[in-house]
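A.B. asks: Model the following, please.
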Amino acid sequence: MIYQNSRYYTQLIDYIAFSSEGDNYPIVFYQFDTVGVSTWYEHIYSEGERLDAISYKYFFRSDFWWLIAEYNPEISDFTNIAPGTVIRIPRV
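C.D. replies: Now for the predicted structure:
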């Protein structure tokens with residue numbers, strides 16, 4: 001089940017997986033109007049910055065931090081980013 005307040009609520013659900021405990025995990029596929037066209041800003045990370053603050057700087061919304069995280073899959077720990085790391089900020 002995808003809750004109404006989830007960012008995935010309006011997305012296409014392709015598959016639902018179930019754990020051995022019976023929990024379900026929807027696999028969601030995004031539908032983009034311009035598939036293959038993607039542009040971004042490059043932000044150079046400074047020590048002490050947080051993703052929510054960076055999100056607010058670019059989107060005027062701190063709760064869009066997850067969008068930055070999804071655009072930078074090579075960063076595995078967003079609480080421990082090396083200063084000077086280039087972070088892609090999607091143009092939305």
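A.B. asks: Can you list the helices and strands that the helix or strand Ile87 falls within packs against?
C.D. replies: Per DSSP states H and E: Ile87 is located in strand 86-90. If you count contacts as 3 or more Cβ pairs under 8 Å, 6 or more residues apart in numbering; DSSP states H and E, strand 86-90 packs onto strand 40-44, helix 51-59, helix 65-71. Every C-beta, even on glycine, is put in place using the N, C-alpha and C of the backbone.
A.B. asks: Generate JSON lines for the ones you listed, with mean neighbour count and distance to Asp77 as supplementary columns.
C.D. replies: Compiled in JSON lines, the helices and strands packed on strand 86-90 are given as follows (neighbours: other Cβ atoms under 10 Å; distance: least, Cβ to Cβ, whole Å):
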{"stretch": "strand 40-44", "mean neighbour count": "12", "distance to Asp77": "17"}
{"stretch": "helix 51-59", "mean neighbour count": "16", "distance to Asp77": "11"}
{"stretch": "helix 65-71", "mean neighbour count": "16", "distance to Asp77": "11"}
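A.B. asks: average pLDDT for stretch 57-77?
C.D. replies: In this model, stretch 57-77 carries a mean pLDDT of 90.
A.B. asks: Please enumerate residues in contact with that stretch?
C.D. replies: 7, 40-41, 43, 50-56, 78, 81, 85, 87-90, 92 (Cβ atoms under 8 Å, 6 or more residues apart in numbering).
A.B. asks: And stretch 43-53, by the same measure?
C.D. replies: For stretch 43-53, the surrounding residues in contact (Cβ under 8 Å, 6+ apart) are 54, 58, 62-63, 65, 68-69, 78, 81-89.
A.B. asks: low-confidence ranges in this protein?
C.D. replies: With pLDDT under 70 as the threshold, the chain has low-confidence stretches at 1-38.
A.B. asks: Got the domain ranges for it?
C.D. replies: The chain breaks down by automatic domain parsing into domains covering 1-31, 40-90.
A.B. asks: just to revisit the earlier point, tell me the buried residues in the strand holding Ile87?
C.D. replies: Using 16 or more other Cβ atoms under 10 Å as the test for burial, strand 86-90 gives Ile87, Arg88, Ile89, Pro90.
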